[in-house]
Structures are given as structure tokens and as C-alpha cells.
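Asks: Fold the following and give me the result.
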Amino acid sequence: MNKERYLHKLEVIREAGNYRELRNVQHNGFLIHCDGREMLNLSSNDYLGLASNPSLNEEFREETDVKLLSYSASSSRLLSGNHEYYGLLEQDLRDMYGREGALVFTSGYHANIGILPALAGKRDLIIADKLVHASIIDGMRLADAEMMRYRHLDYEHLRELLFNHREKYENVFIVTESIFSMDGDVADLQELCDLKKEYDAFLYVDEAHAVGVRGTNGLGCCEEMGCIEDIDFIVGTFGKAFASCGAFVVCDGLFRDFLVNTQRSLIFTTALPPINVAWTRFILGKMPEFFGFRMKLAKTAARLREVLTRRGFETRGDSHIVPFLCGSNENSVYMSEQFRDNGFFVLPVRYPTVPKNEARIRFSLNAAIPDEDYDCLMEFIDVSL
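Replies: Residues are numbered from 1 along each chain as shown. Have a look, this model is predicted:
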């Protein structure tokens, strides 16, 4: 048994400024306690602030007899874990999206590592945006299909790949996120729908950072851009704006049945606890009411980008995820410490998660944070950085 290579690898990680540690934190609404300090939490995926909304929790308990809901499913869905709230939630998803099929998973990672390997075989091709999430990349690697990448948001490059390779394969899957988690930029779903129709391909869109946050009813960018019916596989997560856990796909009924029978990450994992699925269904039913929260996020994000740009800092995107480009890993760590020393909990995102010399601070905005607290953030950036 040789441990030396693991010690060496950890040392290499430390020297590159990439060493990670798990922090002990305590949450108090939109505040976070870490290292003896109370800070504004700007590194959470609780985009609508629902996780820290006590009135919602109280309303859920009044409407739901939580004493009857187990804290564990104790089985996979295909054995004894497919409790009634799964069926109710999937019916609600079908109704809201107007689609034949909906399927709920244990997590977004389970969805993305399982759907493409189940669907894409040896005679197929997957073409994905260069910056899709690591979970999608893992799913593509597990699939038997050929894999290609097109330059980020470069649809002419995608068209070129489709033109040159479509006829060689039985099925082609175009894969993208709608809102990209590192740059906060947004895919043109209408153009992707046009391309998938032109080249007779399937379109797979991961809306993890868009569901709850975009669209009149919070159904994501597919709703906002009016193309729900044209996207073959819409994947979303409940672990971010929904303040819950789990994930889902909406699709044709045929593919829903196919995934139930073939998707290993669904078949061979324990189902979500009934109480979590009931909470998710409660939040889904209320999602149209949170339009004001969605508007506040958009307004605050635009303001933060304007302040960063005015100060000469580089930022990107057009969503509630606002990156602040710092350059080197070391500089991103330093800037993170400056923010935390002044009461703002933001963390560095470093290579290899992002390209070399594009390390950044990533602001994940929260609609529950009062405007006066955001005023303090803007003032700190404008005056002190």
C-alpha cells in the first residue's frame, strides 16, 4: 500500500492555491456565521430566499400533516420507495409545463449522470456547450455515444458540427445549460430549438439555475423564451431556488417510461423522503406568486454589474449569478478575504473549475436580502476596492 502519491497530489494542489476545506458554518436567514464572524451570505443558491422564510414553513405545516410523513423513503423508487407524493409532484410538473411526462430524481447530479447514458447509445452523438456543468460532463463520459463540444454559446460552431456530422449518427443530442453557473450568462434557447429542428436532433436543457428564477411562473428560461414545447428534455433542480432537494425532467411520456426502465442513477438509489417531496410540491404550487422576487433579483444583479463595470472590474453574464473576475487563484483568494473582512461571505472560484487566469468571486444573489444591505455591498465595491 502506497500513500505517497496521494500526499504528493495534495501538495501540488496546495502549491497551486487550490486546496479546499470544509467550513463549519451556521445559518441565520440570509446571514451566515463562519470563523467567528456574522456575514451577509452571497454564496448560497437560495435565490428566492425561501429557505429562510419562516411564514412559508409555518404555512406548509398548517396545510400538511407532517406527523404522517416519513423522514426516509427507505428504498429505491422501483421497490417500496415510490410514495404517493412522488406521483402528485410529477402530475403537478406535467400540468405546469404542459408535457406528457415528468420524472423526479434524488438530485441534479443523479439526473445529469443518468439521463444521457440511458438515452444515447453507440450509434449516437452528443454535442454539448463547452461550459456545461461537471455533472453533465460525467453523464456524457458514462454514455456509449460519441461526444463533441462546441465553443461556449457559439451557435455557428454548433451548426458547423451538425452540418459535418449529423448524417453519420442515428440520433444527435444537443446539450446546454440555460443559465451557466460560472459566468451567469444565458443560452439562446430559441436558436437552439431552430437548430435542433433543422438537423432533426434532440435538445437537452439543464435549467438548474433558472427554475424558480426566470419566467412568469418560475418555470425557467424555457418559459421566458416561449419554447417549452420544443425542448425534448428540460432538467431542473429543487435544491436551489426551490429551497428543497431533488431534481426533475419533463419530456415525452415515452422517454419518461424509458428512463424508469433504464436509468441506473434512478433505479439504484434510495428515493427522496416523503416530507421533502411534499415540501417541494408545496413550493412548486406557490412559485407563480414569487414574480416580485424574480424581478428584484434581476434589478439587483443589473445594479451590481453596473457598479463593478464602473469601477473598471470585469464581470460577465445577464442573470442573478454575477462573476467578478480576479485573474489568478491567489488574487481571487485575497479578494474573497477582503469581502469577508467587511461582512460579505463570498468565495473564490479557481482553476481548474474555471480557466487559468479567470479565477473569480461569484456573487449568488438572494431576493430575501434587504435593499439596504445590498447598498452596503455596492458602497464597499465603489469606495473601498
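
Asks: Any idea how many residues pack against the closest residue to residue 279 other than its chain neighbours?
Replies: Leaving aside its sequence neighbours, residue 279 sits nearest to residue 244 (CB to CB, 6 or more residues apart in numbering; 5.4 Å). C-betas here are computed from N, CA, C, even on glycine. The tally of other residues near residue 244 (other CB atoms under 10 Å) stands at 21.

Asks: which SS class is residue 244?
Replies: Look at residue 244: counting by DSSP: H, G, I helix; E, B strand; the rest coil, its state is coil.

Asks: and it, what does it touch?
Replies: Residues in contact with residue 244 (CB atoms under 8 Å, 6 or more residues apart in numbering) are 238, 276, 279-280, 283.

Asks: Starting from residue 53, give me the distance back to it.
Replies: For residue 244, the distance to residue 53 (CB to CB, to the nearest Å) stands at 13 Å.

Asks: Also residue 175?
Replies: 34 Å.

Asks: So if I had to pick from these two, which one is more boxed in?
Replies: Just comparing residue 175 and residue 53: by other CB under 10 Å the higher neighbour count belongs to residue 175, 28 against 16.

Asks: The more buried one should be in a strand, yeah?
Replies: Yes. Counting by three-state DSSP, residue 175 is part of a strand.

Asks: For it, give its distance to residue 221.
Replies: Relative to residue 221, residue 175 is positioned 15 Å away (CB to CB).

Asks: same thing with residue 252?
Replies: Going from residue 252 to residue 221 by CB to CB gives 20 Å.

Asks: If you count contacts, what does the helix or strand containing residue 86 end up packed against?
Replies: If you go by DSSP states H and E, residue 86 is part of helix 84-97. Applying 3 or more CB pairs under 8 Å, 6 or more residues apart in numbering; DSSP states H and E, one finds that helix 84-97 makes contact with strand 101-105, strand 247-251, helix 274-286.

Asks: for the first one, packing partners?
Replies: Translated: strand 101-105. When contacts are defined as 3+ CB pairs under 8 Å, 6+ apart, strand 101-105 packs onto helix 84-97, strand 247-251, helix 253-262, helix 264-267.

Asks: Let's see that with 7 Å instead.
Replies: Counting contacts by 3 or more CB pairs under 7 Å, 6 or more residues apart in numbering; DSSP states H and E, strand 101-105 is packed against helix 84-97, strand 247-251, helix 253-262.

Asks: Next: the last one.
Replies: For helix 274-286, the packing partners by 3+ CB pairs under 7 Å, 6+ apart come out as helix 54-63, helix 84-97.

Asks: Run through who's touching the helix or strand that comes right after it.
Replies: Note on helix 274-286: by DSSP H and E, the next helix or strand toward the C-terminus is helix 291-310. Applying CB atoms under 7 Å, 6 or more residues apart in numbering, the contact partners of helix 291-310 are 47-49, 213-214, 216, 218, 315, 319-320, 322, 324, 363, 365, 367, 374, 378, 381-382.

Asks: Thank you, goodbye.
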